[in-house]
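1. Any chance you could fold what I've pasted below:
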Amino acid sequence: MSTSSSAPCARTLVQRTLTHLAQPADLNHQGDVAGAVIFRLIDHAAWLATLEYSNGPTATRAVKQMEFLNPVREGGLLHARAQIERVNNTSIEVRTTVTATYWSGWADDPEDLAAPPTPVASAELVFVAIDVTGTPRAANPVPGARPSSENLYLHQAAASGYRRASP
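-> Numbers count the residues shown, from 1 in each chain. Model prediction:
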């Protein structure tokens, strides 16, 4: 089996979890959390994992698979867990799963503890690492090679044609 399409992973693959409380504004006309709200949580969790791993900006390139498993009611606590699965030259593949937990009452009563997590959704996304001009770059850079915030600002300003006023 050839591994030439996958960059060697000298660094630990990142895993991130985001949590969101389902509120009335998240509900669709049926009273369940809208799929777009769940997908936004998936995309954000995956993006954070790729951002940290690649030491810089990334953008969603593709959704390879997306599946909604169970509806979520208002008050459900959504947990999106993103795990980097594979790193290629400029792209990063991420698997994200979402579960929901519910509480029925007060935590000091053993009868009211949270029910086991309910599977809500799963997705496989592909992100591409980009530089300040939006051009694809290496997804697995040398640690510590990230430009400073000031250098990023200067690159963005130069790319946009913006010039700082002289004092």
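
2. Can you point out the buried residues in stretch 27-37?
-> 27, 32-34, 37 (16 or more other C-beta atoms under 10 Å). Heads up, the C-betas are built off the backbone N, CA and C, glycines and all.

3. Other residues contacting it?
-> With C-beta atoms under 8 Å, 6 or more residues apart in numbering as the test, stretch 27-37 has contacts from 20, 22, 26, 68, 71-74, 76, 78.

4. possible to save these as CSV with distance to N140 and secondary structure?
-> Below are these laid out as CSV (distance: C-beta to C-beta, whole Å; DSSP: H, G, I helix; E, B strand; the rest coil):
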residue, distance to N140, secondary structure
H20, 30, strand
A22, 36, coil
D26, 35, helix
F68, 32, strand
P71, 38, coil
V72, 35, coil
R73, 41, coil
E74, 41, coil
G76, 36, coil
L78, 30, strand
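
5. quick one: what helix or strand has the residue nearest the centre of the chain in it?
-> For the chain, A46 is the residue whose C-alpha lies nearest the centre (C-alpha atoms, centre = their mean; 1.9 Å). In the assignment (DSSP states H and E), A46 maps to helix 35-54.

6. same question, Q65
-> strand 58-68.

7. So for that strand, mean pLDDT?
-> Here strand 58-68 scores 97 as its mean pLDDT.

8. Partner strands of it and their direction?
-> Sheet neighbours of strand 58-68, with direction, are listed as strand 118-129 (antiparallel) (DSSP bridges).

9. Next, the buried residues of the strand it pairs with.
-> 118, 120-129.

10. from these, which is closest to G56?
-> Using C-beta to C-beta, A129 comes nearest to G56 of the buried residues of strand 118-129, at 6.5 Å.

11. Return the member of the buried residues of stretch 27-37 nearest to Y102.
-> V33 (12.2 Å).

12. For the closest one, name its beta-bridge partners.
-> Beta-bridge pairing of V33 under DSSP bridges involves L27.
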